[in-house]
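A.B. asks: sharing a model that was predicted from the sequence below.
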Amino acid sequence: MNTCRNKSMDYIKVSVSELTGPALSWAVAQCQDRLNILAVPGLYDPAVDWSQGGPIIEREGINLATHGKQWMASIAPQHAPRRSIAYGPTPLIATMRCYVASKLGLTVDIPTSLLEGA
């Protein structure tokens, strides 16, 4: 996995449970070593677009259930480097957070430019 940083960017450590929007898309793309797909803003948003998030859910064996007013996603160790559980207001946000946590851990370094205005 490519974890190289762009030295011209500033990064901040963020809890995966707080990721949304472009920051979550960036983290998912990093898990797939596909940061180049983010060159065109709005083209890649797997936490909103089922045609992008759905194949990840299926390939990674991510489970999904309701948990009160939230969605809960989980992934077992046989499908990922680490067991992960994540929550979100939508099924895709919960599953993409779970995917990122399973690959990168509970906190990730995100470019600060993706969090501006958030």
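C.D. replies: Perfect, I can see it now.
A.B. asks: mind listing what's buried along the helix or strand hosting L92?
C.D. replies: For L92, the host element (DSSP states H and E) is helix 91-104. Neighbour-count burial for helix 91-104 flags 91-104 (criterion: 16 or more other CB atoms under 10 Å). (C-beta placed from N, C-alpha, C; glycine too.)
A.B. asks: one more: stretch 45-58?
C.D. replies: Taking 16+ other CB under 10 Å as the basis for neighbour counts, the residues of stretch 45-58 that come out buried are 45-48, 52-53, 56-57.
A.B. asks: out of these, name the ones that lie in helices.
C.D. replies: In this view, the buried residues of stretch 45-58 that belong to helices under DSSP state H are 52-53, 56-57.
A.B. asks: wait, doesn't A47 sit right on M96?
C.D. replies: Yes: between A47 and M96 a contact is recorded at 4.3 Å, counting by CB atoms under 8 Å.
A.B. asks: which parts of the chain are helices?
C.D. replies: For the chain, the helices defined by DSSP H cover 21-31, 50-60, 91-104.
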